[in-house]
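S.K.: Quick one, what's the 3D model for this:
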Amino acid sequence: MKFKLLLAFSFWVLLAAVSCNKDDITFDAPSQELRFSRDTVFCDTVYHQVRSETYVVKVYNNEDKDILIPRINLEKGAASLYRINVDGKPGYDFKDVPLRKKDSLFIFVEIAPEASGPEAIAEDKVLFTGPAGQQHVTLFSVVQDAEFFIQTSTNPNVITNHTTWNNNKAKIIYGNLTVNPNIMLNIEQGTKVYFHQNSGMKISSGATLNINGTQDEQVILRGDRNDLDHDTLPKNWNSIRMEANSTLNMNHARLFGGTRGLDMRQTTATIKNSFIHTFFEYGIYAVGSTVNANNLVMNNCGSSCIGIFRGGNHTYTHATIANYSRSMSSFDRTGIFATNEWKNDAGQTEQGALQQLTLQNSIVYSDRDNSVHFEQTPGQQFEFLIQNCLLKYSGTSEAGFPFDNNTNVVQSIKNEDPQFVNYFMAKMNLRLKMPSPARGKGNVTVAGTVPFDIVNVSRTTNPTLGAYQ
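M.R.: Coordinates of the predicted model:
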């Protein structure tokens with residue numbers, strides 16, 4: 001009993017001591033400048049009345065004493081487009097903020113702006129005022145006006161009339177947006193189309209999607225997370241699903257960051273001067289479709305950049321198809337996969353003839369053993385031509401076709417590093433270094449059918465393989 005009383009007495013004495021120590025803490029005025037984890041907060045592109053991601057600034061007290069920061073405030077005060085939270089308290093003006101010695105506090109920053117035009121700049125400063133002077137952290141963001149397409153239980157989110165999108169507003173899609181049968185959607189130069197997570201677009205049977213970018217003003221189709229990390233990650237949205245007998249015409253577009261890029265079912269597609277990259281499964285997933293592409297650049301797709309199923313008719317001229325990835329290093333990651341078979345949505349196997357796969361003046365390369373994988377079904381037509389190309393190729397059994405002494409493989413090179421400038425996503429540049437073995441190896445007649453490269457450089461003499469001269 002005495003032991004229990006002694007223990008209880010000791011506890012209360014200790015608690016009183018701690019309480020006294022806490023009450024005895026004194027905070028002085030700072031005598032040195034504060035240190036920040038960053039001096040500028042760049043909130044990636046945000047949209048009209050859509051709250052941004054939350055960004056963090058850490059404020060450090062390097063002094064050997066506890067301090068009170070006299071004032072932390074937004075320069076524009078209550079009129080600011082930004083909102084801050086200082087150590088758990090929201091607002092725009094804070095007085096006498098305590099900060100323990102050798103410690104730090106968090107400032108959280110976000111913006112939910114009003115757009116004043118197609119694209120504008122939002123700026124402000126977080127000011128820190130004290131005896132050591134005034135310091136600041138700059139806040140900066142690009143603000144885009146936006147038009148929203150939101151699927152709900154009462155709004156099926158359907159385009160029912162011929163429609164043209166231009167670049168006066170970004171297009172933000174929540175859920176699935178459907179273009180009705182026999183309807184045409186034109187997406188004009190400079191337009192940005194953003195898909196929310198688990199969102200996508202469906203082009204119905206008989207409908208047409210025209211993507212009309214230019215070299216200076218590409219059409220961008222991507223996920224709606226604009227922070228740099230998400231620029232290099234797949235699976236931020238679903239796909240553009242092209243139903244049977246639909247048509248795609250795409251020029252000067254950049255499509256990236258989803259599960260599948262173009263998901264085509266018996267579709268006819270013409271693709272020019274475009275970039276398709278960073279998809280969890282396929283950049284192009286084509287079932288029984290006809291695809292004619294030139295000056296196409298692809299990279300970073302988990303299963304394959306191009307997947308050809310149940311046959312079809314495919315021509316790729318002056319294409320650069322790479323497949324390098326750090327985030328999906330355990331995936332198959334071929335450049336082109338082609339088979340006569342396909343499992344439909346019901347799990348049944350269907351077959352169809354590959355009438356022709358023609359690959360000319362192109363590069364198909366990766367850090368895998370084979371960049372091309374053919375699975376030819378016995379008894380099914382499977383025609384292909386690989387002419388003046390550079391491939392990663394390790395052998396017949398893995399690739400599904402012989403490279404040497406094959407009349408379907410003409411004037412082509414295997415296993416010579418194309419020497420890309422940079423094949424990683426953060427700074428992707430699939431131009432070729434000067435010593436590249438692909439330089440000057442293109443067929444002149446083939447190059448004449450695509451006389452300018454993806455950046456409008458002539459290739460009619462000494463054509464280089466791939467999309468870049």
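S.K.: Apart from its chain neighbours, what residue comes closest to residue 355?
M.R.: residue 313 (4.7 Å; Cβ to Cβ, 6 or more residues apart in numbering). The C-beta positions use only the backbone N, C-alpha and C, and glycine is treated the same way.
S.K.: Tell me the strands beside whichever strand or helix holds that neighbour, with direction?
M.R.: Element membership for residue 313, per DSSP states H and E: strand 304-317. Take DSSP bridges as the rule and strand 304-317 pairs in its sheet with strand 282-301 (parallel), strand 334-339 (parallel), strand 354-360 (parallel).
S.K.: so how far is that strand from its chain's centroid?
M.R.: Distance of strand 304-317 from the chain centroid (Cα atoms, centre = their mean, to the nearest Å) equals 23 Å.
S.K.: Give me the mean pLDDT for that strand.
M.R.: The average pLDDT for strand 304-317 rounds to 97.
S.K.: Check which element follows that strand along the chain.
M.R.: Using DSSP H and E, the helix or strand that directly follows strand 304-317 along the chain is strand 320-323.
S.K.: burial measure for residue 437, as a count.
M.R.: 14 (other Cβ atoms under 10 Å).
S.K.: again, but for the one 10 residues further on
M.R.: For residue 447, the number of neighbouring residues by other Cβ under 10 Å comes to 25.
S.K.: Can you give me the distance of the residue nearest to it when sequence neighbours are not counted to residue 183?
M.R.: Closest residue to residue 447 apart from its sequence neighbours, by Cβ to Cβ, 6+ apart: residue 463 at 3.6 Å. Using Cβ to Cβ, to the nearest Å, residue 463 is found at 39 Å from residue 183.
S.K.: which of these two has more neighbours?
M.R.: The neighbour count for residue 463 versus residue 183, taken as other Cβ under 10 Å, is higher for residue 463 (26 against 19).
S.K.: contacting residues for that one?
M.R.: Residues in contact with residue 463, defined by Cβ atoms under 8 Å, 6 or more residues apart in numbering, are 318, 361, 440, 441, 442, 443, 444, 446, 447, 469.
S.K.: Among the residues you listed, which lie within helices?
M.R.: When DSSP state H defines the helices, the subset of the contacts of residue 463 inside them is 444, 446, 447.
S.K.: any idea which of the residues you listed is closest to residue 30?
M.R.: Nearest to residue 30, judged by Cβ to Cβ, of the ones in helices among the contacts of residue 463 is residue 447 at 67.3 Å.
S.K.: Could you double-check that that closest one lies in contact with residue 459?
M.R.: Yes: contact criterion Cβ atoms under 8 Å: residue 447 and residue 459 qualify, at 4.9 Å.
S.K.: what residues do the two have in common as contacts?
M.R.: In contact with both residue 447 and residue 459: residue 318, using Cβ under 8 Å, 6+ apart.
S.K.: What segments of the stretch 351-469 of the chain are helices?
M.R.: Counting by DSSP state H, counting those that start in this stretch, the stretch 351-469 of the chain has these helices, from start to end: 396-399, 444-449.
S.K.: Would you reformat these as CSV and include mean pLDDT and distance to residue 34?
M.R.: As requested, these are exported to CSV (pLDDT from 0 to 100; distance: least, Cβ to Cβ, whole Å):
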stretch, mean pLDDT, distance to residue 34
helix 396-399, 88, 59
helix 444-449, 98, 60
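S.K.: returning to that earlier point: the residue nearest to residue 447 and residue 361, how far apart?
M.R.: In terms of Cβ to Cβ, residue 463 sits 6 Å off from residue 361.
S.K.: Then residue 433?
M.R.: Residue 433 sits at a distance of 18 Å from residue 361 (criterion: Cβ to Cβ).
S.K.: of the two, who's got more company?
M.R.: More crowded of residue 433 and residue 361, by other Cβ under 10 Å: residue 361, with 30 against 11.
S.K.: Go through stretch 59-69 and flag the buried ones.
M.R.: Residues 59, 61, 63, 66, 67, 69 are the ones in stretch 59-69 that count as buried (16 or more other Cβ atoms under 10 Å).
S.K.: ugh, typo on my part, it should be stretch 100-109
M.R.: Buried residues in stretch 100-109, counted by 16+ other Cβ under 10 Å: 104, 105, 107, 109.
S.K.: Repeat that for stretch 288-308.
M.R.: Neighbour-count burial for stretch 288-308 [16+ other Cβ under 10 Å]: 288-291, 293-308.
S.K.: what's the burial count for the residue nearest to residue 355?
M.R.: The burial count for residue 313: 19, using other Cβ under 10 Å.
S.K.: if we can go back for a sec, which residues are common contacts for residue 463 and residue 361?
M.R.: Once Cβ under 8 Å, 6+ apart is applied, the residues that residue 463 and residue 361 both contact turn out to be 318, 442, 443, 446, 447.
S.K.: From residue 320, how far out is the residue nearest to residue 355?
M.R.: Taking Cβ to Cβ as the measure, residue 313 falls 22 Å from residue 320.
S.K.: now swap in residue 122 and tell me
M.R.: Distance from residue 122 to residue 320, by Cβ to Cβ: 37 Å.
S.K.: which of these two has more neighbours?
M.R.: residue 320 (28 against 20).
S.K.: what's the burial count for the closest residue to residue 364 other than its chain neighbours?
M.R.: Leaving out its chain neighbours, the residue that sits closest to residue 364 by Cβ to Cβ, 6+ apart is residue 335, at 3.9 Å. For residue 335, the count of nearby residues is 29 (other Cβ under 10 Å).
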